[in-house]
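K.L.:
One predicted model, sequence on top.
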Amino acid sequence: MDGSVFFPTAPWVTATSVFVIAFIAYITMVITVVDFFSVLRRAKRRAGSGRWRTHSPIVHSP
């Protein structure tokens, strides 16, 4: 068995594995961005409720 039969499939296997790795990394990035924006929106809503403003030193100043 020489490598002439297996070798032409090597670039195809490499391209497929690279595509799969890039696809997984893209999905992970999208999930991370969506999760980050949901946390950011939740923190912004919490700050807009006025709970953080009462703890600021400007309110307690005479």
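P.N.:
Thanks, I have the structure now.

K.L.:
Residue ranges in the protein under the pLDDT threshold?
P.N.:
Scanning the chain for pLDDT under 70 picks out 1-9, 47-62.

K.L.:
Identify the single longest helix in it, thanks.
P.N.:
For the chain, the helix that runs over the most residues, judged by DSSP state H, is helix 10-48.

K.L.:
Report how many residues lie close to Phe23.
P.N.:
As a burial measure, Phe23 scores 10 neighbours (other Cβ atoms under 10 Å). Yep, even glycine has a C-beta here, placed from its N, CA and C like the rest.

K.L.:
What residues does it make contact with?
P.N.:
Remark: with contacts taken as Cβ atoms under 8 Å, 6 or more residues apart in numbering, Phe23 is in contact with nothing.

K.L.:
That one and Val39: what is the separation?
P.N.:
From Phe23 across to Val39, the span is 25 Å (Cβ to Cβ, to the nearest Å).

K.L.:
same question, Val30
P.N.:
For Val30, the distance to Val39 (Cβ to Cβ) stands at 15 Å.

K.L.:
before we move on, what about Arg46?
P.N.:
11 Å.

K.L.:
what does Thr16 give?
P.N.:
Distance, Thr16 to Val39, by Cβ to Cβ: 35 Å.

K.L.:
Next: Ala22.
P.N.:
Distance from Ala22 to Val39, by Cβ to Cβ: 26 Å.

K.L.:
Counting neighbours, what do you get for Lys44?
P.N.:
10.

K.L.:
from now on call the first residue 862
P.N.:
Sounds good: first residue 862 from here, last item Lys905.

K.L.:
Could you pull up the residues touching it?
P.N.:
Neighbouring residues of Lys905 by Cβ under 8 Å, 6+ apart: there are none.

K.L.:
Any figure for the gap between it and Phe898?
P.N.:
Counting by Cβ to Cβ, the gap from Lys905 to Phe898 is 10 Å.

K.L.:
Over to Val891?
P.N.:
Val891 is 11 Å from Phe898, where distance means Cβ to Cβ.
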